[in-house]
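> what shape does this take:
(chains A and B)
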Number of protein chains: 2
Amino acid sequence: MLEYPNKIRKNYHKQVNYSNRGMDLEAIIEEANVYYRDQDIAYIYKKPTPIGVVKVVYQNKERRIKDAFYKTPSTLDFNGIYKGKYIEFDAKVTTNKTAFPLGNIHEHQLRHMKNIERHGGLTFLIVKINEEFYLLPSNVIFDFINQNTRKSIPYQYIKQYGYLLKYNYNKGLDYISGINYWIGGLYSEEKN
Amino acid sequence: MLEYPNKIRKNYHKQVNYSNRGMDLEAIIEEANVYYRDQDIAYIYKKPTPIGVVKVVYQNKERRIKDAFYKTPSTLDFNGIYKGKYIEFDAKVTTNKTAFPLGNIHEHQLRHMKNIERHGGLTFLIVKINEEFYLLPSNVIFDFINQNTRKSIPYQYIKQYGYLLKYNYNKGLDYISGINYWIGGLYSEEKN
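Okay, here's the model as predicted:
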């Protein structure tokens, strides 16, 4: 029952349909999380989905859930530590080709991001749009919201201010590189 | 369905039996977490318990879990951010009056604490022993393990090197004060 890194990785490879591999955003982020842990680079986990348990029975001396419902998370799906910094982010997929609709982010998630940002954490979204993956830092999102009345972030804006992430067969979706560009301040040098 | 702080607090007060209030360690930590968020001091949450879902049905257009089991967590129960720092800890209760048995901490949890510590996070246990609550920093735990062959940490050692935490009716178990003593270096001044 213990989840050692190697075991997680093994199970992971079992669960993922090889042909769809690049398609499942959460799976390739989890693949990166396992790689980062194995390499002692970062310790970032997907939080379990919160549930409300209604009925539990005992089977073979173990508790077994027989009725439960999914709750709406008030935070983001992934969190952990990298270079001493608190990291929290969410994975979002849009089939819209021209823009990322802000309706994909709940009000309370945005409020949470603002809180984390104010307290010195690094918080962002990983957005899949047009079969590409972008790390979109909180400040980029809030800048857009403050300066625009539009309800979606144009693809061109994401291309310009986000960080394009690469998928690697062995390492998963390498979002730490995106963080490095962001906190390394290479952002302004490269893009301005 | 959205969990706003006020709502959490309200539900929380409903769930807790007043007379047993000081007794349920997780509940008084959660009470503190809500207080810290309300006061914009820290953003720390209890992670949902990981489950393995076996069967899901659709009821009234919502997914409903009809069979699931509890998984063993490989990390600690609470994490979040305080003063820009990554925080992760677990709550442990022992009825043993003379010592805290190390068997209460899983091997993989200790390994995880070591990783978090090495990467600059603050990780600790909150231990309830003899109706008192102590914050026991990771370095204190690892010092004990490295210097002793005993399988349990004596109560006197916890009293000496841990931080006694106070429970406040409105604020819950004030573990942030313990963190402040720890990171403020008051530890060595006061105790040595």
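> check contacts around the nearest residue to residue A:183 once chain neighbours are set aside.
Excluding the flanking residues, the one nearest residue A:183 by Cβ to Cβ, 6 or more residues apart in numbering or on different chains is residue A:122, at 6.8 Å. Every residue, glycine included, has its C-beta placed from N, CA and C. Shown in contact with residue A:122 (Cβ atoms under 8 Å, 6 or more residues apart in numbering or on different chains): A:82, A:85, A:86, A:87, A:88, A:137, A:138, A:179, A:182, A:183.
> neighbours of the last one, how many?
By that I understand residue A:183. Per other Cβ atoms under 10 Å in any protein chain shown, the neighbour tally for residue A:183 reads 14.
> from chain B, how far off is the spatially most distant residue from the centre of chain A?
Within chain A, residue A:60 marks the point farthest from the mean C-alpha position, 36.8 Å out by Cα atoms, centre = their mean. Counting by Cβ to the nearest Cβ, to the nearest Å, the gap from residue A:60 to chain B is 10 Å.
> circling back: ok, the residue nearest to residue A:183 to residue B:119 distance?
Plainly put, residue A:122 is 14 Å away from residue B:119 if you go by Cβ to Cβ, to the nearest Å.
> quick one: common contacting residues for the two?
residue A:82.
> what helices and strands are in contact with the helix ranked longest in chain A?
Longest helix of chain A, by residue count under DSSP state H: helix A:25-38. Contacts defined by 3 or more Cβ pairs under 8 Å, 6 or more residues apart in numbering or on different chains; DSSP states H and E place helix A:25-38 against helix A:5-15, strand A:42-46, strand A:78-82, strand A:85-93, strand A:122-129, strand A:172-173, helix A:175-183.
> shouldn't residue A:101 be in contact with residue A:94?
Yes: with contact defined as Cβ atoms under 8 Å, residue A:101 reaches residue A:94; the gap is 6.5 Å.
> okay, these two: which has more neighbours?
Applying other Cβ under 10 Å to residue A:101 and residue A:94 shows that residue A:94 carries more neighbours, namely 18 against 13.
> residue contacts, that one?
For residue A:94, the contacting residues are A:100, A:101, A:104, A:127, A:128, A:129, by Cβ under 8 Å, 6+ apart.
> same question, residue A:78
Residue A:78 neighbours (Cβ under 8 Å, 6+ apart): A:29, A:33, A:44, A:45, A:46, A:47, A:87, A:88, A:89, A:90, A:91.
> try it again at 10 Å.
Contacts for residue A:78 (Cβ atoms under 10 Å, 6 or more residues apart in numbering or on different chains) come out as A:26, A:29-30, A:33, A:44-47, A:87-91, A:126, A:175.
> highest neighbour count among those residues?
residue A:175 (28 neighbours).
> tell me the contacts of that one?
Residues in contact with residue A:175 (Cβ under 10 Å, 6+ apart) are A:28-29, A:32-33, A:36, A:42, A:44, A:78, A:82, A:87, A:89, A:91, A:124, A:126, A:133-135, A:163, A:165-166.
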